[in-house]
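Q: mind folding the following:
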Amino acid sequence: MDSKFLEFYGRFLLNAAQGQKQFEKLSDWINKDFKGFEGMEEMFKSCYGIAGPQKDSSHENERFKEATDAFQSSFSSYVKQMGWVPAKEHDDLKNEYGKLQKKMEEQQRIIEQLHNMLGIKKGMGYDEFFQQMQRLGKKQSDQFRDLIQTFGQAFDTTDKTSD
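A: You can find the predicted model right below:
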């Protein structure tokens, strides 16, 4: 195997590993209120014009808070452009998906119960369903007609016996 290829590939992997470490440190730094990454806080303050001696620490805290808010807003816009989603947003969406999945399963169960009550078989098409509904309607009409005839006969016999 070509030694120059191996050297290139080795450097590439080392750079990727270092980049991953840097990214992890940056994520930790952001999640820990911009503290704990050696040299990063000074660079941040310098870029946002907060560096140097401050006479009023409450004013410095306010400026630092404004800078971190601006940074987080810009960082959020940047990562969205890259197609990344914050972990909290991802977790919220997973939870919402889980809730919707449960709701859908419950609705499917209710639909299946209604289909069973109506005698609808799984996979039945609309034509077959409407034909079944027509048969059910005809059957109910026939049963109602028979019931009325029975009542009519019952009344006819009672009228004849009272004469």
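Q: secondary structure element for K45?
A: helix 40-47 (DSSP states H and E).
Q: show me what that helix is packed up against.
A: Based on contacts counted as 3 or more C-beta pairs under 8 Å, 6 or more residues apart in numbering; DSSP states H and E, the elements that helix 40-47 packs against are helix 3-31, helix 57-81. Bear in mind the C-beta positions are built from the backbone N, C-alpha and C, glycine included.
Q: and the chain, what are its domains?
A: By the assignment in automatic domain parsing, the chain contains the domains 3-122, 123-163.
Q: identify the residues contacting S74.
A: S74 makes contact with no residue, according to C-beta atoms under 8 Å, 6 or more residues apart in numbering.
Q: where's it relative to I30, distance?
A: Relative to I30, S74 is positioned 12 Å away (C-beta to C-beta, to the nearest Å).
Q: same check on H59?
A: Taken as C-beta to C-beta, the span from H59 to I30 is 23 Å.
Q: looking at those two, which one has more neighbours?
A: Legend: neighbour count by other C-beta atoms under 10 Å for H59 and I30, higher for I30 (15 against 10).
Q: ok, the more buried one - contacts?
A: 72, 75.
Q: tell me the pLDDT at it?
A: pLDDT recorded at I30 is 81.
Q: got it, and Q140?
A: You'll see Q140 listed with a pLDDT of 94.
Q: what kind of secondary structure is it in?
A: helix (DSSP: H, G, I helix; E, B strand; the rest coil).
Q: kindly report the same for G83.
A: For G83, the assignment made with three-state DSSP gives coil.
Q: and K121, by the same measure?
A: Applying three-state DSSP: K121 is coil.
Q: count the neighbours of it for me.
A: 10.
Q: residues contacting it?
A: K121 is in contact with H115, counting by C-beta under 8 Å, 6+ apart.
Q: give me that answer again for 10 Å
A: Residues near K121 by C-beta atoms under 10 Å, 6 or more residues apart in numbering: 115, 128-129, 132.
Q: for this protein, give me the ranges with low pLDDT.
A: Low-confidence regions of the chain, defined here as pLDDT under 70, cover residues 51-56, 157-163.
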